[in-house]
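Visitor: A predicted structure for the sequence below; I have some questions about it.
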Amino acid sequence: MATSEQDKASSREFWLQAGITYSYIILWIFLSALVIMVNKYVLTYADFPFPIALTLTHMAFCSALAFLIIKAGFVDTVHMDSTTYLKNVIPIAALFSGTLWLGNAAYLYLSVAFIQMLKATMPVTVFLVGVLLGTEKYSVLYALNMVVVAVGVATASYGELNFDLIGVIFQSGSIITESFRLCLIQLLLQARGIKLNPVTTLYYIAPACFVFLCFPFTFIELPKMLHSDGWRLPGGWLLLSAVSAFALNMSVFLLIGRSSALTMNIAGVIKDWLLIALSVMLYKSPVGALQLCGYGVAFLGVCWYNYQKLQVRRLVEG
(Lines give C-alpha, C1' and ligand atoms only; values in the text may rest on other atoms or scores of the structure.)
Protein backbone atom coordinates (compact mmCIF):
# COMPACT_ATOMS: atom_id res chain seq x y z
CA MET A 1 0.00 0.00 0.00
CA ALA A 2 2.82 2.40 0.97
CA THR A 3 4.69 1.51 -2.23
CA SER A 4 1.59 2.27 -4.31
CA GLU A 5 1.22 5.69 -2.67
CA GLN A 6 4.91 6.39 -3.24
CA ASP A 7 4.55 5.42 -6.91
CA LYS A 8 1.57 7.74 -7.30
CA ALA A 9 3.42 10.59 -5.59
CA SER A 10 6.47 9.96 -7.77
CA SER A 11 4.29 9.91 -10.89
CA ARG A 12 2.60 13.16 -9.91
CA GLU A 13 5.98 14.79 -9.26
CA PHE A 14 7.27 13.58 -12.66
CA TRP A 15 4.29 15.01 -14.53
CA LEU A 16 4.46 18.23 -12.54
CA GLN A 17 8.13 18.76 -13.39
CA ALA A 18 7.51 17.80 -17.02
CA GLY A 19 4.62 20.27 -17.16
CA ILE A 20 6.80 23.06 -15.77
CA THR A 21 9.59 22.31 -18.26
CA TYR A 22 7.24 22.26 -21.25
CA SER A 23 5.60 25.45 -20.01
CA TYR A 24 9.02 27.13 -20.05
CA ILE A 25 9.64 25.83 -23.58
CA ILE A 26 6.29 27.17 -24.79
CA LEU A 27 6.94 30.49 -23.06
CA TRP A 28 10.38 30.82 -24.70
CA ILE A 29 9.00 30.00 -28.16
CA PHE A 30 6.10 32.42 -27.68
CA LEU A 31 8.33 35.28 -26.48
CA SER A 32 10.90 34.69 -29.25
CA ALA A 33 8.17 34.85 -31.87
CA LEU A 34 6.54 37.85 -30.19
CA VAL A 35 9.74 39.92 -30.13
CA ILE A 36 10.48 39.23 -33.80
CA MET A 37 6.93 39.80 -35.05
CA VAL A 38 6.49 43.00 -33.01
CA ASN A 39 9.84 44.38 -34.19
CA LYS A 40 8.87 43.65 -37.79
CA TYR A 41 5.55 45.43 -37.30
CA VAL A 42 7.13 48.48 -35.63
CA LEU A 43 9.79 48.93 -38.30
CA THR A 44 7.76 48.09 -41.40
CA TYR A 45 4.11 48.83 -40.69
CA ALA A 46 3.97 51.33 -37.77
CA ASP A 47 5.68 54.25 -39.57
CA PHE A 48 8.79 53.97 -37.39
CA PRO A 49 11.62 52.86 -39.73
CA PHE A 50 14.40 53.43 -37.20
CA PRO A 51 16.10 50.18 -36.13
CA ILE A 52 18.78 51.92 -34.06
CA ALA A 53 16.17 53.89 -32.10
CA LEU A 54 14.21 50.67 -31.53
CA THR A 55 17.34 48.94 -30.24
CA LEU A 56 18.17 51.94 -28.02
CA THR A 57 14.70 51.63 -26.48
CA HIS A 58 15.38 47.98 -25.68
CA MET A 59 18.77 48.70 -24.13
CA ALA A 60 17.49 51.60 -22.01
CA PHE A 61 14.56 49.54 -20.70
CA CYS A 62 16.65 46.42 -20.03
CA SER A 63 19.41 48.45 -18.33
CA ALA A 64 16.96 50.15 -15.99
CA LEU A 65 15.06 46.99 -15.11
CA ALA A 66 18.22 44.90 -14.57
CA PHE A 67 19.61 47.67 -12.34
CA LEU A 68 16.43 47.70 -10.22
CA ILE A 69 16.30 43.88 -9.93
CA ILE A 70 19.93 43.64 -8.77
CA LYS A 71 19.79 46.62 -6.42
CA ALA A 72 16.59 45.20 -4.88
CA GLY A 73 18.52 42.01 -4.11
CA PHE A 74 16.44 39.63 -6.23
CA VAL A 75 19.53 38.48 -8.16
CA ASP A 76 23.15 38.40 -6.99
CA THR A 77 25.52 40.32 -9.23
CA VAL A 78 29.03 39.35 -10.31
CA HIS A 79 31.58 41.80 -8.95
CA MET A 80 33.85 42.99 -11.72
CA ASP A 81 36.69 45.52 -11.59
CA SER A 82 37.00 48.26 -14.21
CA THR A 83 39.96 46.61 -15.98
CA THR A 84 38.08 43.33 -16.44
CA TYR A 85 35.02 45.26 -17.60
CA LEU A 86 36.92 47.28 -20.18
CA LYS A 87 38.94 44.36 -21.56
CA ASN A 88 36.28 41.66 -21.45
CA VAL A 89 32.79 43.13 -21.44
CA ILE A 90 33.17 46.20 -23.67
CA PRO A 91 34.25 44.23 -26.82
CA ILE A 92 31.30 41.86 -26.33
CA ALA A 93 28.92 44.79 -25.85
CA ALA A 94 30.21 46.43 -29.04
CA LEU A 95 29.54 43.26 -31.04
CA PHE A 96 26.14 42.79 -29.40
CA SER A 97 25.21 46.34 -30.42
CA GLY A 98 26.09 45.49 -34.01
CA THR A 99 24.10 42.26 -33.88
CA LEU A 100 20.95 43.98 -32.64
CA TRP A 101 21.22 47.03 -34.89
CA LEU A 102 21.95 45.13 -38.11
CA GLY A 103 19.45 42.38 -37.29
CA ASN A 104 16.65 44.89 -36.71
CA ALA A 105 17.64 46.86 -39.81
CA ALA A 106 17.16 43.73 -41.92
CA TYR A 107 13.42 43.76 -41.11
CA LEU A 108 13.09 46.90 -43.23
CA TYR A 109 14.08 44.97 -46.34
CA LEU A 110 13.38 41.27 -45.82
CA SER A 111 10.49 39.10 -44.69
CA VAL A 112 10.60 37.38 -41.31
CA ALA A 113 10.46 34.02 -43.12
CA PHE A 114 13.55 34.73 -45.24
CA ILE A 115 15.47 36.16 -42.28
CA GLN A 116 14.86 32.92 -40.34
CA MET A 117 16.21 30.97 -43.30
CA LEU A 118 19.33 33.13 -43.44
CA LYS A 119 19.84 32.58 -39.71
CA ALA A 120 20.42 28.89 -40.50
CA THR A 121 23.94 29.95 -41.51
CA MET A 122 24.73 30.80 -37.87
CA PRO A 123 26.46 27.42 -37.17
CA VAL A 124 28.58 27.96 -40.30
CA THR A 125 29.83 31.38 -39.23
CA VAL A 126 30.28 30.34 -35.59
CA PHE A 127 32.37 27.37 -36.77
CA LEU A 128 34.52 29.49 -39.11
CA VAL A 129 35.04 32.24 -36.53
CA GLY A 130 35.71 29.61 -33.86
CA VAL A 131 38.42 28.02 -35.99
CA LEU A 132 39.88 31.48 -36.63
CA LEU A 133 39.93 32.41 -32.93
CA GLY A 134 40.83 28.95 -31.64
CA THR A 135 37.57 28.10 -29.85
CA GLU A 136 36.72 25.37 -32.40
CA LYS A 137 38.85 22.59 -33.86
CA TYR A 138 38.76 22.12 -37.61
CA SER A 139 37.12 18.89 -38.71
CA VAL A 140 36.53 17.65 -42.27
CA LEU A 141 33.16 16.23 -41.16
CA TYR A 142 32.11 19.57 -39.67
CA ALA A 143 33.35 21.39 -42.77
CA LEU A 144 31.28 19.15 -45.07
CA ASN A 145 28.32 19.70 -42.78
CA MET A 146 28.79 23.47 -43.14
CA VAL A 147 28.89 23.12 -46.94
CA VAL A 148 25.48 21.38 -46.85
CA VAL A 149 24.03 24.20 -44.74
CA ALA A 150 25.54 26.85 -47.01
CA VAL A 151 24.18 25.18 -50.16
CA GLY A 152 20.73 24.93 -48.57
CA VAL A 153 20.67 28.62 -47.60
CA ALA A 154 22.03 29.63 -51.03
CA THR A 155 19.18 27.68 -52.66
CA ALA A 156 16.65 29.32 -50.36
CA SER A 157 18.10 32.74 -51.24
CA TYR A 158 17.92 31.96 -54.95
CA GLY A 159 14.27 30.99 -54.51
CA GLU A 160 13.40 34.13 -52.48
CA LEU A 161 10.72 36.03 -54.42
CA ASN A 162 11.46 39.40 -52.77
CA PHE A 163 15.25 39.20 -52.56
CA ASP A 164 16.91 42.43 -51.41
CA LEU A 165 20.71 42.65 -51.37
CA ILE A 166 20.82 45.44 -48.78
CA GLY A 167 18.68 43.40 -46.39
CA VAL A 168 20.86 40.33 -46.92
CA ILE A 169 23.98 42.42 -46.18
CA PHE A 170 22.41 43.71 -42.95
CA GLN A 171 21.37 40.23 -41.83
CA SER A 172 24.74 38.74 -42.78
CA GLY A 173 26.47 41.44 -40.77
CA SER A 174 24.25 40.62 -37.79
CA ILE A 175 25.13 36.93 -38.06
CA ILE A 176 28.87 37.65 -38.32
CA THR A 177 28.93 40.01 -35.32
CA GLU A 178 26.89 37.52 -33.29
CA SER A 179 29.32 34.73 -34.19
CA PHE A 180 32.28 36.80 -33.01
CA ARG A 181 30.36 37.72 -29.85
CA LEU A 182 29.66 34.08 -28.99
CA CYS A 183 33.30 33.13 -29.53
CA LEU A 184 34.55 36.10 -27.47
CA ILE A 185 32.27 35.08 -24.62
CA GLN A 186 34.18 31.80 -24.53
CA LEU A 187 37.56 33.51 -24.79
CA LEU A 188 37.04 36.52 -22.54
CA LEU A 189 34.46 35.49 -19.97
CA GLN A 190 34.23 31.72 -19.63
CA ALA A 191 38.02 31.29 -19.80
CA ARG A 192 38.29 33.63 -16.81
CA GLY A 193 35.56 31.84 -14.92
CA ILE A 194 33.10 34.72 -15.25
CA LYS A 195 29.55 33.42 -15.56
CA LEU A 196 26.73 35.86 -16.20
CA ASN A 197 23.05 34.98 -16.00
CA PRO A 198 20.60 36.99 -18.17
CA VAL A 199 20.01 39.67 -15.50
CA THR A 200 23.70 40.32 -14.79
CA THR A 201 24.42 40.14 -18.52
CA LEU A 202 21.94 42.95 -19.12
CA TYR A 203 23.22 44.81 -16.05
CA TYR A 204 26.77 44.94 -17.43
CA ILE A 205 26.27 44.83 -21.19
CA ALA A 206 23.02 46.73 -21.91
CA PRO A 207 24.32 50.17 -20.70
CA ALA A 208 27.48 49.78 -22.81
CA CYS A 209 25.34 48.77 -25.80
CA PHE A 210 23.23 51.88 -25.27
CA VAL A 211 26.33 54.08 -25.36
CA PHE A 212 27.70 52.38 -28.49
CA LEU A 213 24.37 52.74 -30.29
CA CYS A 214 24.12 56.44 -29.46
CA PHE A 215 26.90 57.19 -31.95
CA PRO A 216 25.28 55.75 -35.11
CA PHE A 217 21.87 57.00 -33.91
CA THR A 218 23.20 60.56 -33.64
CA PHE A 219 24.65 60.59 -37.16
CA ILE A 220 22.29 58.27 -39.06
CA GLU A 221 18.77 58.30 -37.64
CA LEU A 222 18.44 61.44 -35.50
CA PRO A 223 18.84 63.84 -38.49
CA LYS A 224 16.14 61.89 -40.37
CA MET A 225 13.81 62.03 -37.38
CA LEU A 226 14.35 65.79 -36.96
CA HIS A 227 13.91 66.68 -40.64
CA SER A 228 11.06 64.36 -41.60
CA ASP A 229 7.37 64.31 -40.71
CA GLY A 230 6.73 60.93 -42.34
CA TRP A 231 6.97 58.96 -39.10
CA ARG A 232 5.22 58.65 -35.77
CA LEU A 233 6.16 57.33 -32.35
CA PRO A 234 4.33 54.03 -31.66
CA GLY A 235 4.78 54.26 -27.87
CA GLY A 236 2.67 51.24 -26.99
CA TRP A 237 4.35 48.99 -29.54
CA LEU A 238 7.82 50.15 -28.48
CA LEU A 239 6.99 49.38 -24.84
CA LEU A 240 5.60 45.95 -25.79
CA SER A 241 8.76 45.25 -27.80
CA ALA A 242 11.05 46.26 -24.90
CA VAL A 243 9.08 44.30 -22.29
CA SER A 244 9.02 41.24 -24.56
CA ALA A 245 12.78 41.47 -25.15
CA PHE A 246 13.46 41.58 -21.41
CA ALA A 247 11.02 38.74 -20.73
CA LEU A 248 12.70 36.69 -23.46
CA ASN A 249 16.04 37.00 -21.66
CA MET A 250 14.42 35.80 -18.44
CA SER A 251 12.75 32.86 -20.18
CA VAL A 252 16.14 31.77 -21.54
CA PHE A 253 17.47 31.74 -17.97
CA LEU A 254 14.50 29.63 -16.79
CA LEU A 255 14.71 27.20 -19.70
CA ILE A 256 18.48 26.65 -19.48
CA GLY A 257 18.06 25.83 -15.79
CA ARG A 258 15.56 23.05 -16.51
CA SER A 259 16.53 21.58 -19.87
CA SER A 260 19.39 20.23 -21.94
CA ALA A 261 21.08 21.68 -25.00
CA LEU A 262 19.17 19.15 -27.11
CA THR A 263 15.86 20.47 -25.78
CA MET A 264 16.91 24.03 -26.60
CA ASN A 265 17.89 23.03 -30.13
CA ILE A 266 14.59 21.22 -30.75
CA ALA A 267 12.65 24.17 -29.35
CA GLY A 268 14.67 26.48 -31.63
CA VAL A 269 13.72 24.42 -34.69
CA ILE A 270 10.03 24.58 -33.73
CA LYS A 271 10.37 28.36 -33.24
CA ASP A 272 11.95 28.85 -36.69
CA TRP A 273 9.20 26.94 -38.51
CA LEU A 274 6.55 28.76 -36.45
CA LEU A 275 7.99 32.15 -37.42
CA ILE A 276 8.03 31.20 -41.09
CA ALA A 277 4.36 30.18 -40.84
CA LEU A 278 3.44 33.36 -38.93
CA SER A 279 5.27 35.50 -41.48
CA VAL A 280 3.22 33.95 -44.26
CA MET A 281 -0.09 34.23 -42.38
CA LEU A 282 0.26 37.68 -40.78
CA TYR A 283 2.49 39.58 -43.20
CA LYS A 284 1.66 37.66 -46.40
CA SER A 285 5.34 36.88 -47.00
CA PRO A 286 5.72 34.95 -50.27
CA VAL A 287 7.54 31.64 -49.82
CA GLY A 288 8.26 29.51 -52.88
CA ALA A 289 8.74 25.75 -53.20
CA LEU A 290 12.44 26.10 -54.12
CA GLN A 291 12.96 28.31 -51.08
CA LEU A 292 11.37 25.77 -48.72
CA CYS A 293 13.39 22.98 -50.33
CA GLY A 294 16.65 24.90 -49.79
CA TYR A 295 15.76 25.73 -46.21
CA GLY A 296 14.86 22.08 -45.64
CA VAL A 297 18.37 21.06 -46.72
CA ALA A 298 19.94 23.71 -44.49
CA PHE A 299 17.65 22.68 -41.63
CA LEU A 300 18.77 19.03 -41.88
CA GLY A 301 22.40 20.15 -41.99
CA VAL A 302 21.95 22.25 -38.83
CA CYS A 303 20.20 19.35 -37.05
CA TRP A 304 23.03 16.97 -37.95
CA TYR A 305 25.64 19.51 -36.82
CA ASN A 306 23.88 19.98 -33.47
CA TYR A 307 23.68 16.20 -33.04
CA GLN A 308 27.42 15.82 -33.67
CA LYS A 309 28.24 18.58 -31.19
CA LEU A 310 26.03 16.98 -28.53
CA GLN A 311 27.67 13.59 -29.08
CA VAL A 312 31.13 15.13 -28.65
CA ARG A 313 30.01 16.96 -25.50
CA ARG A 314 28.63 13.76 -24.00
CA LEU A 315 31.91 11.94 -24.68
CA VAL A 316 33.88 14.75 -23.04
CA GLU A 317 31.55 14.93 -20.02
CA GLY A 318 31.35 11.14 -19.78
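Guide: Sure, I can see it. Residues are numbered from 1 along each chain as shown.
Visitor: what's near enough to touch the closest residue to residue 287 other than its chain neighbours?
Guide: Excluding its sequence neighbours, the residue lying closest to residue 287 (Cβ to Cβ, 6 or more residues apart in numbering) is residue 113, at 5.4 Å. Backbone N, C-alpha and C define where each C-beta goes, glycine included. For residue 113, the residues meeting the contact criterion (Cβ atoms under 8 Å, 6 or more residues apart in numbering) are 275-276, 279-280, 285, 287.
Visitor: and those, which are buried?
Guide: The neighbour-count test (16 or more other Cβ atoms under 10 Å) applied to those identifies 275-276, 279, 285, 287 as buried.
Visitor: pull out the buried positions in stretch 46-58.
Guide: 46, 48-58.
Visitor: ok, so of these, who is nearest residue 150?
Guide: Each of the buried residues of stretch 46-58 was checked against residue 150 using Cβ to Cβ; the closest is residue 51, at 26.4 Å.
Visitor: where's the closest one relative to residue 102, distance?
Guide: Taking Cβ to Cβ, to the nearest Å as the measure, residue 51 and residue 102 are separated by 8 Å.
Visitor: next: residue 61.
Guide: For residue 61, the distance to residue 102 (Cβ to Cβ) stands at 20 Å.
Visitor: what does residue 213 give?
Guide: From residue 213 across to residue 102, the span is 11 Å (Cβ to Cβ).
Visitor: look at the two and report which has more neighbours.
Guide: Relative neighbour count places residue 213 above the other of residue 213 and residue 102, with 25 against 22, counting by other Cβ atoms under 10 Å.
Visitor: list the helices and strands the helix or strand hosting the more buried one packs on?
Guide: Element membership of residue 213, judged by DSSP states H and E, is helix 198-216. In terms of contact count using 3 or more Cβ pairs under 8 Å, 6 or more residues apart in numbering; DSSP states H and E, helix 198-216 is assigned the packing partners helix 51-71, helix 90-106, helix 235-258.
Visitor: residue contacts, residue 48?
Guide: By Cβ under 8 Å, 6+ apart, the residues touching residue 48 are 42, 54, 231-234, 237-238.
Visitor: swap the cut-off to 7 Å and go again
Guide: Counting by Cβ atoms under 7 Å, 6 or more residues apart in numbering, residue 48 makes contact with 42, 231-234.
Visitor: that one in helix, strand or coil?
Guide: When the structure is reduced to helix, strand and coil (DSSP: H, G, I helix; E, B strand; the rest coil), residue 48 reads as coil.
Visitor: next one: it, what pLDDT does it get?
Guide: pLDDT, residue 48: 94.
Visitor: follow-up on the earlier one: which parts of the helix holding residue 213 are buried?
Guide: Within helix 198-216, the residues that qualify as buried by neighbour count (16+ other Cβ under 10 Å) are 198-210, 212-213, 216.
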